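Undergrad: let's see this in three dimensions:
(4 chains)
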Number of protein chains: 2
Amino acid sequence: MKQDGKISSAVIRRLPRYLRALEDLENSDTERISSGELSKLIGYTASQIRQDLNHFGGFGQQGYGYNVKDLKAEIGKILGLNTKYRMVIVGSGRLGQAINSFISSYSANFCVTSLFDVKEDLIGKEKHGVLIRSVDTLTEYLKENPTDIGVITVTKENAQSACDKLVAGGVRGIWNFAPIDLECTADIPMENVHLSDNLHSLVYYINHPEQI
Amino acid sequence: MKQDGKISSAVIRRLPRYLRALEDLENSDTERISSGELSKLIGYTASQIRQDLNHFGGFGQQGYGYNVKDLKAEIGKILGLNTKYRMVIVGSGRLGQAINSFISSYSANFCVTSLFDVKEDLIGKEKHGVLIRSVDTLTEYLKENPTDIGVITVTKENAQSACDKLVAGGVRGIWNFAPIDLECTADIPMENVHLSDNLHSLVYYINHPEQI
DNA sequence: CATATCTTGTTAATTTTATCACTAACCCCC
DNA sequence: GGGGGTTAGTGATAAAATTAACAAGATATG
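TA: Numbers count the residues shown, from 1 in each chain, chains lettered A, B, ... in the order given. Reported below is the predicted structural model:
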């Protein structure tokens, strides 16, 4: 793997898309793929695909293209999908449950070890086989059970406090679904999914179809 | 509103972020804000904020800044939040329910009129006050009940068929949560929320903290 | 009411990102 | 195993996005 110097986040955000396409190709028993064909499949230019992949090393071969299986493995390795990730979800409402079931069905790489909530009557119950604990015990839990990723699916009002507890507990990254930009003291990555922002962009394009 | 020529999607994707900040400012009874202060608040440079807003018109005033209430109203208008949007959700699983409750609690601008599902035993039931109908009746329903936005929260396998039915029913835009890139014959906007892609990017940055 | 201070709108410069164009390597078939 | 056809890697070029710079207008103050 080359990977010298900083890689632009635009490139990084395309890697999962490549991975997804390669999974589909593997499932349809395609052995090799050229940048040109991949381009038709996912819409990025062939040139961009070649340049993106070349940031990390020459995975292809002239006259042949890329071996689907190998490339998929390489991209997986670049992203870090060769190890497992332990997660906790703060907020066991509908969204928390949706993420929980998504995670467990999606990939063996990710495992939700516990849910957390403020609501007294939920604590002690299980959702999708995962125990709900009190958010008051979150930091303590994390210290005893080292965890890679904290997911925040609580209300806007409770999100910053959830974030603080996750950081105090030493998570390595945060996946935030609350519609707020969290302050994070530790220098760890934070991935935001702002559903309302997303919906609002969609509405803009609905009203300005000529802008598509 | 100026808005001549195509506005880059990078700009459009920032508008909801501005709106969110302005809502917070309004809630804390702030009357005016300068691009400099807004910059501190949301992290974009002051220069970028001024340039973004200027695509749509001069909403500010030298020596004063921007009036919070007015600017919020203007951005709302640009996005199209001065009218209401009728939505249906295809897929009444956990994610569909999460989106449903999010929508109804989030804003009076959006209203989910019906859920749709393939599972026989769910049809006829209600979730969060919204009836679940058979996905077989989706297109028919849409023709009788003009709908602006179709939300897809079904499995990867059922997503394309859901998309086709939504398009046939004449929705104006699609919000897709299935981990697949849908083919859409009609020329309508599609907003994708690929949770797995998002999670994979996060994992990359967890493993390459120096790249943040 | 004059003036020092802000702050926008706007143009220009810079940086980043994406595309093009070409070379050299490799495959595949005859 | 030789040659035509493919295709990756890559440096140059073009396009897009961001940031910087500054003139002009407005505010606030004494």
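Undergrad: chain center to the host helix or strand of residue A:100, what's the gap?
TA: In this structure, residue A:100 sits in helix A:94-106 according to DSSP states H and E. Between the centre of helix A:94-106 and the centre of its host chain there is 13 Å, according to CA atoms, centre = their mean, to the nearest Å.
Undergrad: direction included, what does the very next helix or strand once past it pair up with?
TA: Toward the C-terminus, helix A:94-106 is succeeded by strand A:110-117 as the next helix or strand (DSSP H and E). Sheet partners assigned to strand A:110-117 using DSSP bridges are listed as strand A:85-90 (parallel), strand A:130-134 (parallel).
Undergrad: what about the shortest one, average pLDDT?
TA: Right, strand A:130-134. Strand A:130-134 shows a mean pLDDT of 98.
Undergrad: could you check the angle helix A:94-106 makes with it?
TA: Strand A:130-134 and helix A:94-106 are oriented at 140 degrees to each other (axes from the mean of the first three to the mean of the last three CA atoms, to 10 degrees).
Undergrad: equivalent analysis for the longest one, please.
TA: Direction vectors for strand A:85-90 and helix A:94-106, defined by the same axes, to 10 degrees, enclose an angle of 160 degrees.
Undergrad: which residues touch strand A:85-90?
TA: A:96, A:99-100, A:103, A:109-117, A:135, A:138, A:141-142, A:145-154, A:162, A:165-166, A:171, B:203, B:206 (CB atoms under 8 Å, 6 or more residues apart in numbering or on different chains). Placement of C-beta: from N, CA and C, glycine included.
Undergrad: are any of these buried, and which?
TA: Neighbour-count burial (16 or more other CB atoms under 10 Å in any protein chain shown) applied to these gives A:96, A:99-100, A:103, A:109-110, A:112, A:114-117, A:135, A:138, A:141-142, A:147-154, A:162, A:165-166, A:171, B:203, B:206.
Undergrad: of those residues, which are in range of DNA strand D?
TA: Subset of the buried ones among the contacts of strand A:85-90 in contact with DNA strand D: empty, counting by CB under 7 Å from any atom of the strand.
Undergrad: picking that back up, rebuild the strands paired with strand A:110-117 as TSV, extending it with mean neighbour count.
TA: Conversion of those to TSV gives the following (neighbours: other CB atoms under 10 Å in any protein chain shown):
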stretch	mean neighbour count
strand A:85-90	24
strand A:130-134	18
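Undergrad: looking at those strands, which is nearest to residue A:198?
TA: strand A:85-90 (20.2 Å; CB to CB).
Undergrad: burial count for the nearest residue to residue A:211 once chain neighbours are set aside?
TA: Distances taken as CB to CB, 6 or more residues apart in numbering or on different chains place residue B:6 nearest to residue A:211, at 5.9 Å, with adjacent residues excluded. Residue crowding around residue B:6 was assessed by other CB atoms under 10 Å in any protein chain shown; the count is 10.
Undergrad: what helix or strand is residue B:6 on?
TA: Applying DSSP H and E, one finds residue B:6 in no helix or strand.
Undergrad: correct me, but it touches residue A:205?
TA: No: under the criterion of CB atoms under 8 Å, residue B:6 makes no contact with residue A:205, lying 11.8 Å away.
Undergrad: shared neighbours of the two, anything?
TA: Here residue B:6 and residue A:205 have residue A:211 as joint contacts, going by CB under 8 Å, 6+ apart.
Undergrad: show me which residues of stretch A:56-71 are buried.
TA: Those would be A:56, A:59, A:60, A:65, A:66, A:67, A:68, A:71, for stretch A:56-71 by 16+ other CB under 10 Å.
Undergrad: adding secondary structure and distance to residue A:92, write those out as JSON lines.
TA: Formatted as JSON lines, the buried residues of stretch A:56-71 follow (DSSP: H, G, I helix; E, B strand; the rest coil; distance: CB to CB, whole Å):
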{"residue": "A:56", "secondary structure": "coil", "distance to residue A:92": "38"}
{"residue": "A:59", "secondary structure": "coil", "distance to residue A:92": "41"}
{"residue": "A:60", "secondary structure": "strand", "distance to residue A:92": "45"}
{"residue": "A:65", "secondary structure": "strand", "distance to residue A:92": "46"}
{"residue": "A:66", "secondary structure": "strand", "distance to residue A:92": "42"}
{"residue": "A:67", "secondary structure": "strand", "distance to residue A:92": "43"}
{"residue": "A:68", "secondary structure": "helix", "distance to residue A:92": "39"}
{"residue": "A:71", "secondary structure": "helix", "distance to residue A:92": "38"}
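Undergrad: point out where chain A drops to low pLDDT.
TA: Within chain A, the segments meeting pLDDT under 70 span A:1.
Undergrad: what's the nearest residue in chain A when you look at DNA strand C?
TA: residue A:63 (2.3 Å; CB to the nearest atom of the strand).
Undergrad: helix or strand for that residue, which one?
TA: If you go by DSSP H and E, residue A:63 is not part of any helix or strand.
Undergrad: and it, how close does it get to residue A:34?
TA: Between residue A:63 and residue A:34 the computed distance is 10 Å (CB to CB, to the nearest Å).
Undergrad: can you tell me the element residue A:139 falls in?
TA: Taking DSSP H and E as the definition, one finds residue A:139 inside helix A:138-144.
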